[in-house]
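Q: Only the shape, not the letters, is given here:
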C-alpha cells in the first residue's frame, strides 16, 4: 500500500512539474509575441505588378523562401519590416529585430536602412523583363 501511495504522489508531482513547465513556456511565448507584435509597424500593401517594382526573394533560416513585390523607391527598412512580419508568421520570433539581410555572392550585408532598391541596383529603368532581386538570406545577429 505504501508503494502505491508513493507512486501516486510521484505521478502527481511529475504532472504538476510538467503542467508548470508548459505554463511557463506558454507565458514566455505570449510575452514574446505580445512584446514583439506590438513593436511591429503595420505592413503596407504589396506593390502592384508594374515596370517600377522589384520582386524581392529571401530565404529564411528554416529554409522557407519568401517573395514579395516592392516599388523601386522602397528602402531596406521596408524590406526588413516585411521580413519581421514573415518571421512572426513562420515561428521565427527570436529573429525580429535581431537579424540582417545578406547576399552570398558577392558577400554583402544590407544594413543601411535608408538605401532604396534603386540605389542598391536591384531595379533598372528600361528593363524588358520582370525584375527579381538576387536571392537574399536572413542571418541572425
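A: That came through, no problem. None of the values given here were measured: they were computed from a predicted structure.

Q: What are the boundaries of the helices in this structure?
A: Ranges of helices in the chain, per DSSP state H, are 2-39, 76-89.

Q: lowest-confidence stretch among those?
A: Least confidently modelled of the helices of the chain is helix 2-39, at a mean of 43 by mean pLDDT.

Q: excluding its backbone neighbours, what's nearest the residue nearest the centre of the chain?
A: Geometric centre of the chain, nearest residue: residue 87, 2.2 Å, by CA atoms, centre = their mean. In this structure, residue 87 finds its nearest non-sequential neighbour in residue 95, 4.7 Å apart by CB to CB, 6 or more residues apart in numbering. For every residue, glycine as well, the C-beta is placed using N, CA and C.

Q: per-residue confidence at the one you found?
A: 95.

Q: Adjust the sequence numbering to begin at 21 for everything that follows.
A: That works, and once the first residue is 21, the last one we named lands at residue 115.

Q: which residues touch it?
A: Taking CB atoms under 8 Å, 6 or more residues apart in numbering, we find residue 115 in contact with 81, 104, 107, 158, 160.

Q: again with residue 81
A: 112, 115, 158-160.

Q: looking at it, residue 117 is touching residue 60, isn't it?
A: No. Using CB atoms under 8 Å, residue 117 makes no contact with residue 60, being 9.1 Å away.

Q: Spit out the residues that contact those two alike.
A: residue 104.

Q: between the contacts of residue 81, which is closest to residue 90?
A: residue 158 (15.9 Å; CB to CB).
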